[in-house]
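K.L.:
What would the 3D arrangement of this be:
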Amino acid sequence: MNLLDSAPVLTFFSERGVDLTTEPFWTHPWTVSDVHTTVVSEEPLRARSTCPAVATCSR
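P.N.:
Below is the predicted model:
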């Protein structure tokens, strides 16, 4: 996921005590939950993930 390589995203989570580089991306709830992930198109495959609040997205 390009999202996890983005410096602003890494900084945002780091400032809130979440290190996104310590666990595989698929272990974060907002990357695998049907509640937070929507398939936008199948050809080509595109998906949208939302993170409504840091408290619910971090462990």
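
K.L.:
number of nearby residues for Cys51?
P.N.:
Cys51 has 17 neighbours, counted by other CB atoms under 10 Å. For the C-beta atoms, the positions are set from N, CA and C on the backbone; glycine is no exception.

K.L.:
Likewise for Phe13?
P.N.:
Neighbour count of Phe13, defined by other CB under 10 Å: 19.

K.L.:
Check His28 too.
P.N.:
21.

K.L.:
how near is it to Leu45?
P.N.:
For His28, the distance to Leu45 equals 20 Å [CB to CB, to the nearest Å].

K.L.:
Kindly report the same for His36.
P.N.:
The gap separating His36 from Leu45 is 17 Å, by CB to CB.

K.L.:
Look at these two and report which has more neighbours.
P.N.:
His36 (17 against 8).

K.L.:
my read: that one touches Ser49, true?
P.N.:
Yes. Between His36 and Ser49 there is a contact under CB atoms under 8 Å: 5.6 Å.

K.L.:
tell me the mean pLDDT for the top helix by length along the chain?
P.N.:
In the chain, taking DSSP state H as the definition, the longest helix is helix 7-14. Mean pLDDT, computed over helix 7-14, is 85.

K.L.:
tell me the SS of Val40?
P.N.:
Assigned with DSSP: H, G, I helix; E, B strand; the rest coil, Val40 falls in the strand class.

K.L.:
oh, and call the first residue 7 from now on, that's how I've got it
P.N.:
With 7 as the first residue, the last one maps to Val46.

K.L.:
okay, and the helix or strand of this protein with the least pLDDT?
P.N.:
Ranking every helix and strand in the chain by mean pLDDT, DSSP states H and E puts helix 60-63 at the bottom, with a mean of 51.

K.L.:
That's all I had, so thanks and see you.
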